[in-house]
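In: structural data only, the sequence is not supplied:
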């Protein structure tokens with residue numbers, strides 16, 4: 001599955017929408033009715049389709065701040081750079097932390113990067129579901145837009161299954177097989193959630209626990225996100 005390509009389209013389209021308030025407003029209106037969605041997205045290219053899928057997946061209130069510089073400056077690779085910085089800072093301040101060069105998604109060969117991408121996309125979907133806003137109708141709309149973005153039947157089927165799963169932080173955390181991957185998953189979740197929402201904040205706390213992240217690393221990741229806004 002080409003998970004990385006899909007994440008890049010979602011994140012980078014989010015950056016385009018943040019820089020274009022008129023487009024963002026159009027996407028907000030598009031999520032209300034299927035007919036409006038079809039009219040706005042038809043024939044306008046994958047960037048707008050990704051924006052529509054992102055808007056529905058994350059909810060309009062999140063679209064304005066999701067991704068920050070990650071979205072604007074390079075999608076998944078930029079997320080890896082931010083995770084690398086956070087993890088490196090954490091290592092410097094913790095004598096018991098794993099040492100060596102952090103192997104974040106931006107520094108890995110394609111097969112390993114795809115594994116990281118898969119885990120990060122699971123984290124994004126999970127965080128998007130944390131406030132319970134995705135109903136059956138929205139799932140169908142999101143599925144339709146993802147199918148337009150990717151011709152990979154396996155990927156679109158997997159995406160649909162993830163959307164329909166009950167939200168379980170423990171299940172999501174099992175995708176992390178390295179400390180760096182866990183950090184990337186938490187970072188991606190931070191970019192998605194509304195920290196003012198009690199349900200989403202509680203979800204983040206539990207996700208960090210399930211990912212077995214050191215509180216100092218959690219703090220460093222949160223600092224990096226604050227600096228991006």
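Out: All right, it came through fine. Just so we're clear, the structure is a prediction, and the values are computed from it rather than from any experiment.

In: dump the residue contacts of the residue positioned nearest the centre of the chain.
Out: Residue closest to the average C-alpha location in the chain (Cα atoms, centre = their mean): residue 124, at 3.3 Å. Residues near residue 124 by Cβ atoms under 8 Å, 6 or more residues apart in numbering: 7, 10, 57, 188-189, 192. From N, CA and C alone the C-beta is placed, and that goes for glycine too.

In: any quick ChimeraX command for the buried ones out of the residues you listed?
Out: Here is the ChimeraX command that selects only those of the contacts of residue 124 that count as buried (16 or more other Cβ atoms under 10 Å):
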select :7,10,57,188,189,192
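
In: okay, the contacts of residue 124 in TSV with pLDDT and distance to residue 143 next?
Out: TSV is the format used below for those (pLDDT from 0 to 100; distance: Cβ to Cβ, whole Å):
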residue	pLDDT	distance to residue 143
7	81	17
10	72	14
57	75	11
188	89	21
189	90	22
192	81	19
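
In: now residue 154. Nearest residue, chain neighbours left out?
Out: Nearest non-adjacent residue to residue 154, counting by Cβ to Cβ, 6 or more residues apart in numbering: residue 1, 5.4 Å away.

In: ok, now which ones touch that neighbour?
Out: Counting by Cβ under 8 Å, 6+ apart, residue 1 has contacts 114, 118, 152, 154-155, 158.

In: before we move on, back to that, mind checking the SS state of the residue nearest to the centre of the chain?
Out: Following DSSP: H, G, I helix; E, B strand; the rest coil, we place residue 124 in the helix state.

In: again, but for residue 96
Out: Per three-state DSSP, residue 96 ends up coil.

In: relative to residue 187, how far out is it?
Out: Remark: distance between residue 96 and residue 187 (Cβ to Cβ, to the nearest Å) = 21 Å.

In: then residue 118?
Out: From residue 118 over to residue 187 (counting by Cβ to Cβ), the distance is 16 Å.

In: least trustworthy helix or strand in this structure by mean pLDDT?
Out: None of the helices or strands of the chain scores lower by mean pLDDT, DSSP states H and E than helix 34-41, at a mean of 28.

In: how many other residues sit next to residue 162?
Out: Residue 162 has 16 neighbours, counted by other Cβ atoms under 10 Å.

In: what do you get for residue 159?
Out: Counted with other Cβ under 10 Å, residues neighbouring residue 159 total 25.

In: just how off-centre is the host helix or strand of it within its chain?
Out: For residue 159, the element it lies in under DSSP states H and E is helix 153-164. When distances are taken as Cα atoms, centre = their mean, to the nearest Å, helix 153-164 is centred 15 Å away from the chain's centroid.

In: give the buried residues for that helix.
Out: Here helix 153-164 shows 155-156, 158-160, 162-163 as buried, counting by 16+ other Cβ under 10 Å.

In: got it, and stretch 84-93?
Out: So for stretch 84-93, counting by 16+ other Cβ under 10 Å, buried means 84-87, 89-91.

In: circling back to that earlier point, adding pLDDT and distance to residue 201, write the contacts of residue 1 out as TSV.
Out: Formatted as TSV, those follow (pLDDT from 0 to 100; distance: Cβ to Cβ, whole Å):
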residue	pLDDT	distance to residue 201
114	92	31
118	93	26
152	84	34
154	89	34
155	88	30
158	90	28
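
In: let's have the residues you listed in JSON lines, adding distance to residue 106.
Out: As requested, these are exported to JSON lines (distance: Cβ to Cβ, whole Å):
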{"residue": "114", "distance to residue 106": "13"}
{"residue": "118", "distance to residue 106": "16"}
{"residue": "152", "distance to residue 106": "22"}
{"residue": "154", "distance to residue 106": "25"}
{"residue": "155", "distance to residue 106": "21"}
{"residue": "158", "distance to residue 106": "23"}
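
In: that'll do, ta.
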